[in-house]
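Asker: no sequence on this one, just coordinates:
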């Protein structure tokens, strides 16, 4: 997922990429609208039959795109609900999507930060300490076979009963999900300088600390950003799932759950849209930080 | 209380020291498995001791022995849950999703326009919280395992697609030119050169998807399920504060997940024995 920063890539994107992507996105929208008609048609026809009205094809289509609780809301309904609950309501209101998004985002960022720090520290230990490499690394991998998302309810309930509630339990789940890609990526990154470079440091009589700060750390930067991108996406998923068992109080996960309880499909979709936007923005921000850092290091600008 | 914790710390330090010696000595073959094994056993022993010494309530953290006893005593329930969640939900979705992604990947590779258009979209979608679609799938496909399989299909599709397309691009011009000099057509080149060359990428995708599949199937059950399944059991037993059952379910999930991953990894070893990464 390392972005291509070759010179002239901008021109190539405009010439060769935007058009195909647009076509694909457009066809997804067309399929979506068609799917909305297919899935919602039954209800419209049923209503019409009960009222004893014959509907033309145009009317069936129009009505299946404007139901209150459709099986599949049309894109414009989702965007409308998204717009209304984002900009149309006060931020303090319970219906405000901004408020819910902020609650999820804060847990995501807290967990992501903790996970990244924990991951880097573990990687430093694994690279420098033989015992940790032999005994901890297999368990780091094994830790990911526990479907943490599946035990999120337990973590939330247990932490709640010892008095920890609110942001921290969700951040914990995010942390658990996000430390793993960082450990794996950073171990690879810290080990990326080859024998030659390490020998060079050795001839300069550099200590472990100097080797770390002057060689291993800078060398690991591309790996760091690649794994941070994966980690932040995982962290967002963790925060959303962490909100499910708390009784659907607040956050994007809670919006989805309450939407599924009350059949408010449009609400689920607009929460999904918000989650997608958050994920895209977070990944893009890390991509930006990557570009700035690598450029400042005089690397592949 | 503070005096009672001393033996726990002593065992921790002792095990750490033993492990230092062990990892310096065990460098090859089966002996390499010893340090992580010792680490795991130490963890379990310390867990058990801490729970007993500090009298931790079983509602907060049950001892490993209690969890083990629970696994033994409710094997039938656990087996039923595994069948429902893993074999019906996760495995069906995994096969359908990875299969569809593989075929789409070949199509995308054949049509350069799709490659330029669909791949960025696929990369973008891979970063999205697709698991949030679970309530919608439950609404469309009902409470039973079909909705779980559907969400698994959605979750595994894009990671697998991206890996397939990357894998099919893994051959270099020289090799493809050689195939052309042999007068090989598209099908022959695909089957004899490009698919084998793509195998490491394909298996990478398949391995990533094993974890995704299990997680998707379990989490989808939180949004509604029949009265069986691992996700259902976890969420109801948490409500009843029967944490030993929850931990038993987690242990089984970890076991099933590891076995699933291991099976795919083993298949990779057998099928791609020729690849440098496998020649150890």
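Answerer: Alright, I've got the coordinates. Please read these numbers as outputs of a predicted model, since none were measured by experiment. Numbering: from 1, shown residues only, chains lettered A, B, ... in the order given.
Asker: rest of the way, CA atoms for contacts and neighbours
Answerer: Noted.
Asker: for residue A:140, see how far away residue B:44 is.
Answerer: In this view, residue B:44 and residue A:140 are 16 Å apart by CA to CA, to the nearest Å.
Asker: what about the helices in the stretch 1-150 of chain B?
Answerer: B:6-25, B:34-53, B:64-73, B:75-82, B:91-110, B:112-126, B:134-141, B:145-168 (DSSP state H, counting those that start in this stretch).
Asker: to clarify, my last question referred to the stretch 151-280 of chain B.
Answerer: Applying DSSP H, counting those that start in this stretch to the stretch 151-280 of chain B gives helices spanning B:173-181, B:186-189, B:195-220, B:230-239, B:243-271.
Asker: got it, and the stretch 51-200 of chain A?
Answerer: So, for the stretch 51-200 of chain A - with DSSP H, counting those that start in this stretch - the helices run A:57-64, A:75-87, A:97-128, A:130-135, A:137-143, A:148-161, A:167-190, A:195-203.
Asker: identify the residues contacting the last one?
Answerer: Pointing back at helix A:195-203 there. residue A:211 (CA atoms under 8 Å, 6 or more residues apart in numbering or on different chains).
Asker: which element follows it toward the C-terminus?
Answerer: helix A:208-211 (DSSP states H and E).
Asker: please state the offset of that following helix from the chain centre?
Answerer: 35 Å (CA atoms, centre = their mean, to the nearest Å).
Asker: stretch B:164-175 now?
Answerer: On CA atoms, centre = their mean, the centre of stretch B:164-175 falls 26 Å from the chain's centre.
Asker: quick one: low-confidence parts of chain A?
Answerer: Residues of chain A meeting the criterion pLDDT under 70: A:1-16, A:135, A:142, A:145-147, A:245-248, A:299-301.
Asker: how many neighbours does residue A:52 have?
Answerer: Residue A:52 sits with 9 neighbouring residues when counted by other CA atoms under 10 Å in any protein chain shown.
Asker: check residue A:74 too.
Answerer: Residues near residue A:74, counting by other CA under 10 Å: 23.
Asker: isn't it right up against residue A:65?
Answerer: Yes. If you go by CA atoms under 8 Å, residue A:74 and residue A:65 touch, sitting 5.5 Å apart.
Asker: give me the phi and psi for residue A:192.
Answerer: phi -70, psi -30 (degrees, to the nearest 10).
Asker: now swap in residue B:224 and tell me
Answerer: phi 130, psi 130.
Asker: ok, it to residue A:167 distance?
Answerer: Residue B:224 is 26 Å from residue A:167, by CA to CA.
Asker: which of these two has more neighbours?
Answerer: Under the criterion of other CA under 10 Å, the comparison of residue B:224 against residue A:167 puts residue B:224 first, with 21 against 18.
Asker: which ones are touching the closest residue to the more buried one other than its chain neighbours?
Answerer: Nearest residue to residue B:224 in three dimensions, chain neighbours excluded: residue B:143, at 5.6 Å (CA to CA, 6 or more residues apart in numbering or on different chains). Applying CA under 8 Å, 6+ apart, we find residue B:143 in contact with B:224-226.
Asker: re the thing from before, and among the helices of the stretch 51-200 of chain A, the most buried is which?
Answerer: Compared across those, helix A:167-190 shows the largest average neighbour count, a mean of 26 (mean count of other CA atoms under 10 Å in any protein chain shown).
Asker: chain neighbours aside, what residue packs nearest to residue B:166?
Answerer: Residue B:166's closest residue in space is residue B:201 (CA to CA, 6+ apart), at 7.0 Å.
Asker: does that neighbour really touch residue B:160, like I thought?
Answerer: No. Applying CA under 8 Å, one finds residue B:201 not in contact with residue B:160, separated by 9.1 Å.
Asker: higher neighbour count, the two?
Answerer: Using other CA under 10 Å as the criterion, residue B:201 and residue B:160 rank with residue B:160 on top: 30 against 21.
Asker: and the residue nearest to the more buried one when sequence neighbours are not counted, how close does it get to chain A?
Answerer: Leaving aside its sequence neighbours, residue B:160 sits nearest to residue B:205 (CA to CA, 6+ apart; 4.9 Å). For residue B:205, the distance to chain A equals 14 Å [CA to the nearest CA, to the nearest Å].
Asker: how many neighbours does residue B:205 have?
Answerer: Here the count is done by other CA under 10 Å, and residue B:205 has 22 residues near it.
Asker: write out the residues of the stretch 1-150 of chain B neighbouring chain A.
Answerer: Residues of the stretch 1-150 of chain B lying close to chain A (CA under 8 Å from any CA of the partner chain) are B:19-20, B:23-24, B:32, B:35-40, B:59-60, B:113-114, B:116-118, B:120-121, B:124, B:127-129, B:131-133, B:135-136, B:139-140.
Asker: which among those residues count as buried?
Answerer: Those of the residues of the stretch 1-150 of chain B next to chain A that meet the buried threshold are B:19-20, B:23, B:32, B:35-36, B:38-40, B:60, B:113-114, B:116-118, B:120-121, B:127-129, B:131-133, B:135-136, B:139, by 16 or more other CA atoms under 10 Å in any protein chain shown.
Asker: re the thing from before, single out the most deeply packed of the helices of the stretch 1-150 of chain B.
Answerer: It is helix B:145-168: most buried of the helices of the stretch 1-150 of chain B by mean count of other CA under 10 Å, with a mean of 26.
Asker: for that helix, packing partners?
Answerer: helix B:91-110, helix B:112-126, helix B:134-141, helix B:195-220 (3 or more CA pairs under 8 Å, 6 or more residues apart in numbering or on different chains; DSSP states H and E).
Asker: and these: which comes nearest residue B:257?
Answerer: helix B:195-220 (6.5 Å; CA to CA).
Asker: number of residues surrounding the residue nearest to residue B:83 when sequence neighbours are not counted?
Answerer: Spatially, and ignoring its direct neighbours in sequence, residue B:83 is nearest to residue B:229 (7.8 Å; CA to CA, 6+ apart). Counted with other CA under 10 Å, the neighbours of residue B:229 add up to 27.
Asker: tell me the pLDDT of the residue nearest to residue B:224.
Answerer: Per-residue confidence (pLDDT) for residue B:143: 85.
Asker: spell out the secondary structure type for residue A:30.
Answerer: helix (DSSP: H, G, I helix; E, B strand; the rest coil).
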